[in-house]
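>>> got a predicted structure plus its sequence, pasted below:
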Amino acid sequence: MRLTVIGSGYVGLVAATCFAETGNQVSVVDIDAGRVERLTAGELTIYEPGLGELLRSNLASGRLRFTTEAAVAVPGAEAVFLCVGTPMGVDGAADLSAVEAAARSIGRHLDAWTVVVGKSTVPVGTAARVRGWVQAELDRRGAATGFAVVSNPEFLKEGAAVEDFLRPDRVVLGVDDPRAEQILRDLYAAFVRNGQRIYVMDPRSAEMTKYAANGLLATKISYINEIAAICERVGADVAQVRQGVGADIACRPAADAVGCHELLARQRCASGATIAKAQIGFVVAVALRHELGLEAVAVEQIAHRRPCSRRAGKRDCGQRRQRGRVHAGVGGRSRVEGRNKRNASPRQRRSIAARILYG
């Protein structure tokens, strides 16, 4: 299948490389000429285990290429994936300016029926807006080219993104066009061979599924940190507690599916505040926009519930120093194995750094 991916950031690069790995012809569009040059030379612009080898092998096979020109990559594509950034704005809502620019570039160059697939994390209702942006450009050209818009959110964990993409827990398709659904089922058949992990729903439900999953992850991190604080007071071992809870089949999906506890184990002192606020912020913005004030306040509280424990930070740091290892780093930022993202934590600065420097 001939595919185009707009955006060569974390999601776009992983998706494009993995699609090429299963035999598809993939063109990646990015406005950053320097990044395109580096990727064309086989140089990764992000760190992700296993991605470099796949990138270079698919470049060598000719199945993967990079360009700055949408006019070259969009025509003839059976599906075009939007994988551009949607940073949080000052009001907490997602900034869709890059999504709009990408959608309009598709409309300017579309020459045959195609599926426009949104993989970026976007507000509910964005698929309809993408449809409007593409159609506006087609109307400006006087073109009668047809297309469908699908929401296909990503669920990748940094440090395991290649594995997550090649062997996904689930594939969510928000689609209202039978032809588009079949094209994406055929595309993902190589990753979900029995077809039982493909969930088809309407676009708005697919977009909300991504927000809900992010919110659940934030909730789980905050909750286990609450339990960790209680364990400290009563002399219990939180690692053993979470194993016991996760062994219950009724609790396992909520306890272990997203890998929250493994994240906690590796990033105990820094994970909560930064991750929870980032994950839950979009959900709160949506709730407030729809005048769900009380519900928004309740959801927002999740992000601020004991993101980390100062005493746990001191204790964990002391134990690691006694073992001759220092896991955390400098200036209140902690690095997690398999990831190149560092998360800021004010409490880490106040407690762990003081413990390291002054004992």
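Looks like it arrived, so ask away.
>>> may I see the buried residues of stretch 150-170?
For stretch 150-170, the neighbour count (16 or more other C-beta atoms under 10 Å) marks 150-156, 158-162, 164-165, 168 as buried. Yep, even glycine has a C-beta here, placed from its N, CA and C like the rest.
>>> using pLDDT, spot the least trustworthy of those.
Lowest in pLDDT among the buried residues of stretch 150-170 is Glu158, which has 85.
>>> quickly note the distance from that one to Tyr47.
For Glu158, the distance to Tyr47 equals 9 Å [C-beta to C-beta, to the nearest Å].
>>> re earlier: so which of the buried residues of stretch 150-170 are in strands?
Val150, Ser151 (DSSP state E).
>>> can you give the domain ranges for this protein?
What automatic domain parsing lists as the domains of the chain is 2-201, 209-358.
>>> the stretch 1-150 of the chain: helices as residue ranges?
10-21, 33-40, 51-61, 70-73, 97-109, 126-141 (DSSP state H, counting those that start in this stretch).
>>> minimum distance to Glu181: which of these has it?
Taking C-beta to C-beta as the criterion, Glu181 comes closest to helix 126-141 out of the helices of the stretch 1-150 of the chain, the separation being 13.7 Å.
>>> mind listing what's buried along that closest one?
Thr126, Ala127, Arg129, Val130, Arg131, Trp133, Val134, Gln135, Glu137, Leu138.
>>> setting aside sequence neighbours, what's the nearest residue to Leu138?
Gly107 (5.0 Å; C-beta to C-beta, 6 or more residues apart in numbering).
>>> and the lowest mean pLDDT element among the helices and strands of the chain?
helix 260-266 (a mean of 44; mean pLDDT, DSSP states H and E).
>>> what's the local residue count around Gly34?
Using other C-beta atoms under 10 Å, Gly34 has 10 neighbouring residues.
>>> Met88 now?
There are 14 residues near Met88, going by other C-beta under 10 Å.
>>> surely it and Ala94 touch.
Yes: if you go by C-beta atoms under 8 Å, Met88 and Ala94 touch, sitting 6.5 Å apart.
>>> closest to Glu100 out of the buried residues of stretch 150-170?
Nearest to Glu100 among the buried residues of stretch 150-170, with distances taken as C-beta to C-beta, is Ser151, at 15.8 Å.
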